[in-house]
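1. Take this sequence and fold it.
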Amino acid sequence: MKNVDSKSHVRGESVYLDDIPLINGTLFACVYDSPVAHGVLKSVEIEEAEKSEGVVRVITAKDLIGDNEIGNIFHDEPLFADEEVHFQGMPIALILAETEEQARIAAKKITVEIKPLEIVTDPRLAHAKNDLIVPPKHFKLGDSEAAFKASKYVFEGRADVNGQEHLYIETQGAYCVPTEQNGIKVYSSTQGPTAVQRCVSRVTGVPMHLIEVDVQRLGGGFGGKEDQANAWAAMCAVGTQLTKRPVKYALHRIEDMRMTGKRHPYSADYKIGLDKDLKILAYEVVFYQNAGASADLSPPVLERTLFHCTNSYFIPNVTATAYSCRTNLPPNTAFRGFGGPQGMFV
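-> Now for the predicted structure:
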């Protein structure tokens, strides 16, 4: 198969989101995000930001025409924090200004009052509180209880697998342009154009057939731009809808790392039984998935963990249970392997 992009890549001619020529009148966006991981959002003071040089509009949840919701599998993820903040980095307001620098300066002038609530980052603690994204998932093969009784050797332990940052070279971002009949054209760095289209439609209230999503190419994704690209496209689309002007937002690296989800961290308890010849007879495992603050793609990732929990071995007797635990971290998401590596590691 011929790589049609190789020549333009090495020449620096390939066009990514940040290379798209800007239309005259384009506004630049910047998010003001929660400085704390969990709390009740008592007030948001945007007056000073609105007076800041170059600022055209400051948008919060109350300004949305459509639904304040970007969750895909489950509707449990607001675009902007409204009543509570659920993780440090959760968007609270969007600043639109004539230049990127002006938007970032204005964002620093926003102040919030947040009543602190308990912060949970350990999935085992979330499980103890029964704070789960979905009911537990199970995989069972044979009779592990009887097989352990017949095992010569039995080992038990705990395994912990940390998260992982996608670190795609091109950060998250979007560029939205108003079109005829109140439509919106969305340039998005996404692995799921239809997911972006559906999300933008829900948040703006604009029918899907009036939303065009253009994805020229991605500067890396690895799963991190399946669902997580939706938020930035929705924010820019809302800005375009309310101002009737093009809106662009390309996240800085630290913003991206602070506000987006990673590979899911897992904690697990395991028990394995072997016969006298060290052949594996039985295996039991309980997985505690750290889903973060909302579902995102955690349920199918959890199921994939169960599919791969015996690694490359055939084990005749298996009992596996997996819990998707809600914590106060950015919603974790797809990453290459999609839950398989965490299951295989244990």
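2. Would you map the helices across the stretch 151-300 of the chain?
-> Remark: helices assigned in the stretch 151-300 of the chain by DSSP state H, counting those that start in this stretch are 193-204, 230-243, 253-259, 298-307.
3. Spatially nearest residue to the most far-flung residue of the chain relative to its centre (excluding sequence neighbours)?
-> What lies farthest from the middle of the chain is Lys276; by C-alpha atoms, centre = their mean that is 46.2 Å. Among residues not flanking Lys276 along the chain, Lys152 sits closest, at 4.5 Å (C-beta to C-beta, 6 or more residues apart in numbering). Where C-beta positions appear, they are placed from N, C-alpha and C, glycine not excepted.
4. returning to that earlier point: distance of the residue farthest from the centre of the chain relative to Tyr153?
-> Distance of Lys276 to Tyr153, given as C-beta to C-beta, to the nearest Å: 8 Å.
5. Give me the sheet partners of the strand ranked longest in the chain and which way each runs.
-> Ranked by residue count under DSSP state E, the longest strand found in the chain is strand 280-292. With DSSP bridges as the test, strand 280-292 is paired with strand 266-274 (antiparallel), strand 317-326 (parallel).
6. what distance separates the last one from the centre of its chain?
-> Taking the mean of its C-alpha atoms, strand 317-326 sits 22 Å from the chain's own mean (C-alpha atoms, centre = their mean, to the nearest Å).
7. Where does Ala106 sit: helix, strand or coil?
-> Following DSSP: H, G, I helix; E, B strand; the rest coil, Ala106 is assigned to helix.
8. check contacts around it.
-> Contacts of Ala106 were listed using C-beta atoms under 8 Å, 6 or more residues apart in numbering, and they are 30, 49-50, 52, 54-55, 58, 95, 97.
9. do Ser8 as well
-> Ser8 neighbours (C-beta under 8 Å, 6+ apart): Ser14.
10. Apply 10 Å and report the result again.
-> Going by C-beta atoms under 10 Å, 6 or more residues apart in numbering, Ser8 touches 14-15, 217.
11. What residues sit buried inside stretch 323-339?
-> Going by neighbour count (16 or more other C-beta atoms under 10 Å), the buried part of stretch 323-339 is 323-335, 337-339.
12. Off-centre distance for it?
-> 8 Å.
13. Quick check: end-to-end length of it?
-> Separation of the first and last residues of stretch 323-339 by C-alpha to C-alpha, to the nearest Å is 13 Å.
14. burial of Glu45, as a residue count?
-> If you count neighbours by other C-beta atoms under 10 Å, Glu45 ends up with 11.
15. Please list all residues in contact with Thr243.
-> So Thr243 contacts 25, 27, 56-57, 59, 96, 178 (C-beta under 10 Å, 6+ apart).
16. ok, back up a step: the strands paired with strand 280-292 into a markdown table, with extra columns for mean pLDDT?
-> Below are the strands paired with strand 280-292 laid out as a markdown table (pLDDT from 0 to 100):
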| stretch | mean pLDDT |
| --- | --- |
| strand 266-274 | 98 |
| strand 317-326 | 98 |
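17. Tell me which of those sits most buried.
-> Of all the strands paired with strand 280-292, strand 317-326 has the most neighbours on average by mean count of other C-beta atoms under 10 Å, namely a mean of 24.
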